[in-house]
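S.K.: show me how the following folds:
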Amino acid sequence: MSTREIVEQFLKKNYLVSPDVLSSVTNIDDFSFYEDKGEKPIVVTKDVFFVANKNKKPMEINWLEFEKSRVLYEKGKDNKIYESFLEILSFDGSPQKKQIVEALINEIKQQPEIIIEKEEETPNVIITKCYVDESIKEKKVSDFVQYFKNRYNKMRDILMSREELQNSLSIKRILQKKDRDKVSLIGLIQNKYVTKNGHIMLKLEDPTGLINVLINKEKGETYSLAQNLVLDSAIGAVGVSNGEIVFANNIYLPDIPQTKELKKSENESWVAFISDIHVGSKNFLEKEFLKFIKWLNLGLKENIEIASKLNYLIIAGDNVDGVGIYPGQDRDLAINDVRRQYDKLADYLSLIRKDIHIVIAPGNHDAVRLTQPQPTLDKKYAESLFNIPQLNLVTNPSVITLHATRSFPGFDVLIFHGYSYHYYADNVESLRKIKARNHPKEIMKYMLQLRHLGPTHTSTLYIPDTREDPLIIDRIPDIFVSGELHKPEVGSYNGVVTIGCSCWQSVTDYELKMGNSPDPCKVVVMNLKTREIKILDFNEK
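M.R.: Here you go, the predicted model:
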């Protein structure tokens, strides 16, 4: 065919063709797999022609946005978006990728089923604390009032365990004092600001009233601590009152006490921590996730001694990518039905050998309410997961106990996905300075110090439960695990091991907008006998 005939054939199919393509085309049939209806490219460039012939099937992408990115690329203004589109086009639906994944799944399925013989009484998972909803009713202002009263009462009990605060007075009694007296008090922070002289003024509240507490800028560590305080958190203060203002000498957080003795199990047992799988996303790293499952099933030589003694897998939320989570998400989805996303997740998890206990909490991408606490995954959407016998579904947050025996109390694990962490990374002075989205252990340490997973009213959506504040860390855990930030990091604070989990999704535009910088396909594993911790890498080498 002549060049003119080729151009005319493209035009009949409603395509414009770039001159750089013509040298590669001998027949329009090379580009015949697009139907005349539906979305398709407007201009066939050399890049599009190459990728299309490689895939040999229509590709579902927003072609209008693709064309815009091509224009920016040609103008030299931005090449990242265009290159990202080409990467998606090259990867999505690639026969080579499909063959690799199918081969991995078949390889896992063909492995002989391995059940590791365990000692009597272990392993086991005990769900120690799981949120149960109040009876459904319309929430009123009085419910919020009762919710914060419950928080104050619980935090007051915690703070009064400190010797310095055991003689704390109510705010009403302090306001009645006429002389300058040394006082101690406990309250929730209703307001905070910096005075014109550079001092920090807090307005504390308890059920009896409000009072101002001033922290002088010359107070060193006390002033630094006050800089990091957030609204609605509970603190104790010791200072001098003039009947209107308390001039604080010291302030105290609920905090957790230093653990005197670190638990160690009687026999060797390993636990793996992961999060943010995001099944259903075009950016889901399927090959790498299957490689992890193959390792769990003793199919890899590397670290096989750990895999053979691994009893538990904890998944801390965002199990699927969900639908309608953020604007334009439909363009990022490979599976656009949430039930099918969970079905696919169940397909993967059902490959895992049956003697490994799996614990799953939800996250903000899962098909449950966004308000916290989040209930367990709903059978209406995730029915296929309910057919996996070794799987335990828990709320977000929740506390589970691992590996308990008659003579060993087990490890208490606090699981919290961490959706509220973004607020504190942006609004806490010390966390903002270190760009704490890249350091989840620092945010988790801060939560432990406040003894709360999201105290500030606007930091996360929550249920104003009239029975208790379920986001209080009332039970001190041995291990505290979170996800959300897609960064694997391990820390320790007063004897509590803090674990920030990695993810199984390559970077998305939405993540970049949120300030996340993911480090995917890493798995934190911990030996419950020795407390040894490793971070294993399942990225393709």
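S.K.: so where's the stretch 251-400 of the chain uncertain?
M.R.: By pLDDT under 70, the weakly predicted segments of the stretch 251-400 of the chain are 260.
S.K.: helices of that one, start to end?
M.R.: Ranges of helices within the stretch 251-400 of the chain are 286-296, 304-308, 338-349, 379-382, based on DSSP state H, counting those that start in this stretch.
S.K.: C501: which of these is closest?
M.R.: Proximity to C501 (CB to CB) singles out helix 286-296 among those, at 12.6 Å. Glycine gets a C-beta too; all of them are placed from N, C-alpha and C.
S.K.: can you name every helix or strand that that closest one contacts?
M.R.: Under the contact definition 3 or more CB pairs under 8 Å, 6 or more residues apart in numbering; DSSP states H and E, helix 286-296 sits against helix 95-110, helix 304-308, helix 338-349.
S.K.: before we move on, the earlier item: so which of the helices of the stretch 251-400 of the chain is nearest P477?
M.R.: Of all these, helix 304-308 comes closest under CB to CB, at 22.8 Å.
S.K.: for the closest one, buried residues please.
M.R.: Under the neighbour-count criterion of 16 or more other CB atoms under 10 Å, helix 304-308 has I306, A307 buried.
S.K.: and if you look at stretch 383-398?
M.R.: Quick answer for stretch 383-398 (16+ other CB under 10 Å): S384, L385, I388, Q390, L391, N392, L393, V394, T395, N396, P397, S398.
S.K.: report the separation between the two terminal residues of it.
M.R.: The first residue of stretch 383-398 is 21 Å away from its last residue (CA to CA, to the nearest Å).
S.K.: which residues sit against the helix or strand containing Y223?
M.R.: Applying DSSP states H and E as the criterion places Y223 in helix 221-227. With CB atoms under 8 Å, 6 or more residues apart in numbering as the test, helix 221-227 has contacts from 200, 202, 215-217, 219, 248-251, 253, 429-430.
S.K.: one more pass at 7 Å, please.
M.R.: Here helix 221-227 makes contact (CB atoms under 7 Å, 6 or more residues apart in numbering) with I200, I215, N216, K217, A248, N250, I251, E429.
S.K.: what of stretch 241-259?
M.R.: 155, 158-159, 162, 164-165, 174-175, 177-178, 180-181, 183, 185, 211-215, 222, 225-226, 234-240, 448-451, 476, 494-496.
S.K.: from the chain's centre, how far out does that stretch sit?
M.R.: Its chain's average C-alpha position is 32 Å from that of stretch 241-259, according to CA atoms, centre = their mean, to the nearest Å.
S.K.: now tell me what touches stretch 532-541 from outside.
M.R.: Against stretch 532-541 from outside (CB under 7 Å, 6+ apart): 287-288, 291-292, 303, 488, 490, 521-526.
S.K.: can you flag the buried ones in those?
M.R.: With burial judged by 16+ other CB under 10 Å, the buried subset of the contacts of stretch 532-541 is K287, E288, K291, F292, P488, V490, C521, K522, V523, V524, V525, M526.
S.K.: output stretch 267-278 as PDB, restricted to C-alpha atoms.
M.R.: This file holds the C-alpha atoms of stretch 267-278, laid out as PDB (Å, rounded to 0.1, in the frame of the first residue of the first chain):
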ATOM      1  CA  ASN A 267       9.600 -21.900  71.200                       C
ATOM      2  CA  GLU A 268      10.600 -20.400  67.900                       C
ATOM      3  CA  SER A 269       7.900 -18.900  65.900                       C
ATOM      4  CA  TRP A 270       7.900 -16.200  63.300                       C
ATOM      5  CA  VAL A 271       5.300 -13.600  62.300                       C
ATOM      6  CA  ALA A 272       5.100 -11.600  59.000                       C
ATOM      7  CA  PHE A 273       3.600  -8.100  58.800                       C
ATOM      8  CA  ILE A 274       2.300  -6.700  55.500                       C
ATOM      9  CA  SER A 275      -0.200  -4.000  54.500                       C
ATOM     10  CA  ASP A 276      -1.600  -2.100  51.500                       C
ATOM     11  CA  ILE A 277      -1.900  -4.900  49.000                       C
ATOM     12  CA  HIS A 278      -4.200  -2.900  46.800                       C
END
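S.K.: picking up where we left off before, now distance to S170 too, for the helices of the stretch 251-400 of the chain, in JSON lines please.
M.R.: Shown next, in JSON lines, are these (distance: least, CB to CB, whole Å):
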{"stretch": "helix 286-296", "distance to S170": "54"}
{"stretch": "helix 304-308", "distance to S170": "54"}
{"stretch": "helix 338-349", "distance to S170": "50"}
{"stretch": "helix 379-382", "distance to S170": "48"}
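S.K.: sorry, back to before: which of the helices and strands packed on helix 286-296 sits most buried?
M.R.: A comparison of the helices and strands packed on helix 286-296 by mean neighbour count, using mean count of other CB atoms under 10 Å, puts helix 338-349 on top with a mean of 20.
S.K.: show me what the longest helix along the chain is packed against.
M.R.: Ranked by residue count under DSSP state H, the longest helix found in the chain is helix 141-159. If contacts are counted by 3 or more CB pairs under 7 Å, 6 or more residues apart in numbering; DSSP states H and E, helix 141-159 sits against strand 181-194, strand 234-241.
S.K.: would you map the strands across the stretch 351-500 of the chain?
M.R.: Using DSSP state E, counting those that start in this stretch, the strands of the stretch 351-500 of the chain run over 357-361, 391-393, 398-402, 411-415, 479-482, 489-493, 496-500.
S.K.: what's the most buried one of those strands?
M.R.: When these are compared using mean count of other CB under 10 Å, strand 479-482 is most buried, at a mean of 28.
S.K.: list the strands paired with that one, with their directions.
M.R.: Strand 479-482 pairs in its sheet with strand 411-415 (parallel), strand 496-500 (parallel), by DSSP bridges.
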